[in-house]
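Asks: sequence? don't have it. structure:
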């Protein structure tokens, strides 16, 4: 009788404990559910505003993995690449257009990962905010290669905006060429 009870207890314990594979699948599903494709809910956010409202979403952004590309925001289209230097040399030609370009990440917002500066050979760094603060980048990706897609804009920055950007580590000039990124792939 005692042997049967022990056997029943063992059987019950084994049947309620997930197998290693089931446990791994559950963890993977929970991880994907919690992190998705690194997007956060879109929330309009004017430049120069306090970042605290978006800090929780930014905290969910994982550090980039050294092996393989990491995607953030929307998937990049199959449009042709435009050299970052070409955009920088002819900003008015591209203003208001959606472009896909690539370059080295020169700097990333260290508060949230809500902007980066990209550079290419012979070009001053170009500011790349994440469109509408709808997604965030890891803060540790400076020096890595990025392909981005977004709308080009040339605009005047107010003194307050320049001060805010400089407080986050950006180079801020009176006129800013920027590409509002809807998607980023980091390699």
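Replies: The structure has been received and is ready for your questions. Keep in mind it's a predicted model, so treat the numbers as computed, not measured.

Asks: neighbours around the closest residue to residue 84 other than its chain neighbours, how many?
Replies: Spatial nearest neighbour of residue 84, excluding adjacent residues (CB to CB, 6 or more residues apart in numbering): residue 120 at 3.9 Å. (Each C-beta comes from the backbone N, C-alpha and C, glycine too.) Per other CB atoms under 10 Å, the neighbour tally for residue 120 reads 19.

Asks: for residue 95, same thing?
Replies: Count around residue 95 with other CB under 10 Å applied: 14.

Asks: right, and it touches residue 179 too?
Replies: No - contact criterion CB atoms under 8 Å: residue 95 and residue 179 do not qualify, at 10.6 Å.

Asks: overlap in contacts, those two.
Replies: The contact sets of residue 95 and residue 179 overlap at 152, 153 (CB atoms under 8 Å, 6 or more residues apart in numbering).

Asks: which ones are touching residue 128?
Replies: 115, 116, 117, 118, 148, 150, 178, 179, 180, 181, 184 are the contacts of residue 128 under CB under 8 Å, 6+ apart.

Asks: one more time with 6 Å, if that's ok
Replies: 116, 118, 148, 179, 181 (CB atoms under 6 Å, 6 or more residues apart in numbering).

Asks: following element in sequence after the host helix or strand of it, please.
Replies: Take DSSP states H and E as the rule and residue 128 turns out to sit in strand 126-129. Sequence order places strand 145-156 as the next helix or strand after strand 126-129, per DSSP H and E.
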